[in-house]
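# Quick one, what's the 3D model for this:
(2 chains)
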Amino acid sequence: MAETKRIFTFLLRFIAFCTTLSAVIIMVSSRQRATVLVFSFEAKYSDTPAFKYFVIVNAIVSIYGFLVLFLPSKSLLWRLVVALDAVFTILLTSSISAALAIAYVGEKGNPIAGWLPICDQVTKYCNQVKGALIVGFISVVLYMLLFLYSLHTVLSPLLLEKS
Amino acid sequence: MALQSGEKLPMFIGHIWSKQKSRWTLLGLRLLAFLAAAAATLVMVLNKQTKTFVVATIGTTPVNLTLTAKFHHTPAFVFFAIANGLVSIHNLVMIMVDLLGSKFDYKGFQLPMIASLDMLNLALVSGGANAAAFMAELGKNGNSHARWDKICDKFGAYCDRGAGALIASFLAFALMLLISFLSILKLVNSSSHNSHNNIIALPN
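Below you'll find the predicted structure:
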């Protein structure tokens, strides 16, 4: 029972690490050169601070996820892992919501502000950003599950100690 | 006996920060968070500015274009308003439960529920505040690569009020962080009190 729990946690953490890493890679490698009238511009992820924030947060979380994979099962650092899981889950939710807000403006535009949607001109870039955001959303869900699970595993020995 | 005196020390330190003081601290923090989140919601929902631009001049009569900036044109601000509204309702309900709910017995379910709801609302308010913050940055600086002009030079009052709502929301986020930390501390303390009571009651 304890063995299956450990394997399950390890697998879940590994998949979460993979999703954050792939979100970073997909977002960073998205670029496209397009010509609109006379201008030729290149759409990159670093044009928007929201996407830069998304990449930075997901990079930090994937480094953390990679390090936690190697933590031995009985060490006292698991309580620190619970706290860090909480912090990184909240950082991930904030980064995904910021990136989604800017991506929505890029897709639909904002007619009142005079912002035209750019997705028709740089379709490949747009699709890749959408893919990175989907993977980022999956990583948010996984990290929420991991946080709840580590909270349950580490804190419930304290909670359920009734004689 | 050595175990008993050793186990008594953390309980004693826990009692120094007595239950009454911590209860009123938590209540005060919840009131502040409710006020901050409600202020953020109200300021964002009532944010509106109308401005008339002269677009062209035909002969001697100018052609006017009237534009209104409202919060619901931007989905990020709608999400911001909804998230802060939900957080303020949550804090209000928690204050009521704390003040009036001591008669009801929740069979030990109350404290984990409060802690998890606090964490949920923490994530919610952080998402809303951050999305609105990046949209506001876009409105303030524009994006030269996507040919999006900044709008804050034309709609200055709208931008200023939005900034005020954002500050209130980040304040609510910091307060919710403290509140969830205190709720979790309460949860762990109460359960360890239960387990210590049981340990000390055993050798009889």
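# where does chain A have low pLDDT?
When residues are selected by pLDDT under 70, those of chain A lie in A:35-39, A:155-163.
# Mind doing that once more with 90?
Within chain A, the stretches with pLDDT under 90 are A:1-10, A:29-48, A:68-86, A:105-126, A:147-163.
# Strands of that one, start to end?
A:31-36, A:39-44 (DSSP state E).
# Kindly report the same for chain B.
B:48-58, B:61-70.
# Apart from its neighbours in sequence, what residue is nearest the residue most central in space within chain A?
Among the residues of chain A, the one closest to the centroid is A:Gly136, at 3.8 Å (Cα atoms, centre = their mean). Distances taken as Cβ to Cβ, 6 or more residues apart in numbering or on different chains place A:Ala23 nearest to A:Gly136, at 4.3 Å, with adjacent residues excluded. Where C-beta positions appear, they are placed from N, C-alpha and C, glycine not excepted.
# Can you tell me the number of residues neighbouring the residue nearest to A:Leu145 when sequence neighbours are not counted?
Leaving aside its chain neighbours, A:Leu145 sits nearest to A:Leu12 (6.9 Å; criterion: Cβ to Cβ, 6+ apart). Residues near A:Leu12, counting by other Cβ atoms under 10 Å in any protein chain shown, number 16.
# Go ahead and confirm A:Leu12 touches A:Tyr143.
No. In this structure, A:Leu12 is not within contact of A:Tyr143 by Cβ atoms under 8 Å, at 9.7 Å.
# ok, back up a step: now tabulate the strands of chain B in TSV and tack on mean neighbour count.
Below are the strands of chain B laid out as TSV (neighbours: other Cβ atoms under 10 Å in any protein chain shown):
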stretch	mean neighbour count
strand B:48-58	11
strand B:61-70	12
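# Relative to A:Pro117, which of those strands is closest?
Ranking those by proximity to A:Pro117 (Cβ to Cβ) places strand B:61-70 first, at 18.8 Å.
# returning to what we had before: for the residue nearest to the centre of chain A, list the residues it contacts.
A:19-20, A:23, A:54, A:58, A:92, A:95-96, A:99 (Cβ atoms under 8 Å, 6 or more residues apart in numbering or on different chains).
# gap between the most far-flung residue of chain B relative to its centre and chain A?
If you look at how far each residue of chain B sits from its centre, by Cα atoms, centre = their mean, the farthest one is B:Gly59, at 54.4 Å. Between B:Gly59 and chain A the computed distance is 26 Å (Cβ to the nearest Cβ, to the nearest Å).
# buried stuff in stretch B:126-144?
B:126-139, B:142-143 (16 or more other Cβ atoms under 10 Å in any protein chain shown).
# Relative to B:Ser190, which of these is nearest.
The shortest approach to B:Ser190 among the buried residues of stretch B:126-144 belongs to B:Ser126, at 26.7 Å (Cβ to Cβ).
# That closest one reaches A:Ser94, doesn't it?
Yes. Counting by Cβ under 8 Å, B:Ser126 touches A:Ser94, with 4.6 Å between them.
# Now do the helix ranked longest in chain B and strand B:61-70, the angle between them.
The longest helix of chain B (DSSP state H) is helix B:156-201. Interaxial angle, helix B:156-201 versus strand B:61-70 (axes from the mean of the first three to the mean of the last three Cα atoms, to 10 degrees): 0 degrees.
# Spell out which parts of chain A neighbour chain B.
Within chain A, the positions near chain B by Cβ under 8 Å from any Cβ of the partner chain are A:41, A:43-44, A:47-50, A:53, A:86, A:89-90, A:93-98, A:100-102, A:104-106, A:110-116, A:118, A:144, A:155, A:158-159, A:161-163.
# Now list the buried members of these.
So, by 16+ other Cβ under 10 Å, the buried ones in the residues of chain A next to chain B are A:41, A:43, A:47-50, A:53, A:86, A:89-90, A:93-98, A:100-102, A:104-106, A:110, A:113, A:115, A:118, A:144, A:155, A:159.
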